[in-house]
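>>> Give me a model of this one.
(chains A and B)
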Amino acid sequence: MDALDRQIINELQRGFPLVERPFEMLAEQFGTTEATLIEHVQKLLDDGVLSRFGPMYNAEKLGGALTLCALSAPEDQFDNITDKVNSHPEVAHNYARDHSLNMWFVIATDDPERVAEVLADIEHETGCEVLNMPKLTEYFIGLHFAV
Amino acid sequence: MGNIFIDAFRQQTPIDFSDEFSRRLIKATQGGLPVSPTPYADIARQLGVSTEAVITRLTQMLEAGAIRRIGAVPNHYALGYRGNGMSVWDVPDDAVDEVGREIAALDFVSHCYQRPRFDDKWPYNLFAMVHGHNRDEVMARIEEMQAMLGDRVCSHDILFSTKILKKTGFRL
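Numbers count the residues shown, from 1 in each chain, chains lettered A, B, ... in the order given. The predicted model follows:
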């Protein structure tokens, strides 16, 4: 990773211009050329150093709903319960965590009324109580990974 | 005088982005923008609209918060951030906003939310994702947070992920 790559990672986390020639504008600021900048951004994406490049949509502001859920899966049924939870397309993420509440997943839907239905289905299918923890307040600033 | 028109325009918010153009624009860009000299013109061509229409609508979505930001997301594993812990805190309700804002401002915290408690099952009402190069660094940062928060928190815990069971993300 060279100085330009670090500049790209640090600055593009903050934002990307909404103008006809955004790379040209940034290249001027970075002291490089549009072509060189594009080449570096593409390489960072190809190498997986950048995982996404573009608009980050806020599902809730677009009429969708998100909630974080947790359940305690008995160890001997963990894989089976994982399959049952993951089989729902509304389950966007699912993580095993080292706690008695050992399964944490996010339900995301474009119809807010679906959340309760999916929760009820998962409780019924797994026999586990699901704790529904929607966010009440967001204190979001956003991580800035400096490199 | 000109401000009258600006105020009239602002009162139209919140703008509804469920129209066909918005939905096509979201679908065309939620996976990413083209890495080309003219990314917005490329999208406009694909959708059969003007570049200006694309830039205007994306600007409206940004202003309305329907787009958090346009930019890049680094893969934190690739940057060497291998420790990621979900820290959870029991904060008195009347202090949670103040504490939440302080925690969110820390540069190693990515997300910070207030969530409901569950009586005897789950006492924690504030969640903060803490990142570090490894678990030890995350634990050191939790201690730093503890020192900063002092007796404004009653108890806390840290949950490390042991396995990603699913990760598909939200898609329209």
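>>> rest of the way, CA atoms for contacts and neighbours
Noted.
>>> got the contact list for stretch A:84-101?
With contact meaning CA atoms under 8 Å, 6 or more residues apart in numbering or on different chains, stretch A:84-101 is reached by A:70-73, A:102-109, A:118, A:122, A:125-126, B:159-170.
>>> which stretches of chain B form strands?
Per DSSP state E, chain B carries strands over the ranges B:67-74, B:83-90, B:109-114, B:126-132, B:155-167.
>>> Could you name the helices and strands sitting against the first one?
In this case it means strand B:67-74. Packed against strand B:67-74, as judged by 3 or more CA pairs under 8 Å, 6 or more residues apart in numbering or on different chains; DSSP states H and E, are the following elements: helix A:3-12, strand A:50-57, helix B:51-64.
>>> and those, which one is worst for confidence?
Here the lowest mean pLDDT among the helices and strands packed on strand B:67-74 goes to strand A:50-57, at a mean of 91.
>>> tilt between that strand and strand B:67-74?
Orientation of strand A:50-57 against strand B:67-74 (axes from the mean of the first three to the mean of the last three CA atoms, to 10 degrees) gives an angle of 180 degrees.
>>> show me where pLDDT drops low in chain B?
B:1-15, B:169-172 (pLDDT under 70).
>>> can I see the domain layout of it?
Following automatic domain parsing, one finds the domains of chain B at B:2-64, B:83-160.
>>> Tell me which of the helices and strands packed on strand B:67-74 lies nearest to B:Asp120.
Proximity to B:Asp120, assessed across the helices and strands packed on strand B:67-74 by CA to CA, is greatest for strand A:50-57 (35.8 Å).
>>> Quick check: the closest residue to B:Arg135 other than its chain neighbours vs chain A, distance?
Of all residues not flanking B:Arg135 in the chain, B:Gly83 sits nearest, at 4.8 Å (CA to CA, 6 or more residues apart in numbering or on different chains). From B:Gly83 across to chain A, the span is 13 Å (CA to the nearest CA, to the nearest Å).
>>> Give me the distance between B:Gly83 and B:Arg68.
25 Å (CA to CA, to the nearest Å).
>>> picking up where we left off before, now the buried members of the contacts of stretch A:84-101.
Buried by 16 or more other CA atoms under 10 Å in any protein chain shown: A:70-73, A:102-109, A:118, A:122, A:126, B:159-161, B:165-166, B:170, out of the contacts of stretch A:84-101.
>>> of all the helices and strands packed on strand B:67-74, which lies closest to B:Ser155?
Judging these by CA to CA, what sits closest to B:Ser155 is strand A:50-57, at 33.7 Å.
>>> For the spatially most central residue of chain A, which phi and psi angles does the backbone take?
Ranked by distance to the mean C-alpha position of chain A (CA atoms, centre = their mean), the top residue is A:His93 at 8.3 Å. Reported as degrees, to the nearest 10, the phi and psi values for A:His93 are phi -130, psi 150.
>>> If it is in a bridge, with which residues?
Taking DSSP bridges, one obtains A:Val106, B:Lys167 as the residues bridged to A:His93.
>>> Tell me the pLDDT of it.
90.
>>> What separation do you get for B:Thr51 and chain A?
8 Å.
>>> sorry, that was for B:Asp16
From B:Asp16 to chain A the distance is 8 Å (CA to the nearest CA).
>>> for B:Ser50, same thing?
11 Å.
>>> List the contacts of that residue.
Residues in contact with B:Ser50, defined by CA under 8 Å, 6+ apart, are B:Ala41, B:Ala44.
>>> so how far is B:Ala44 from it?
In terms of CA to CA, B:Ser50 sits 6 Å off from B:Ala44.
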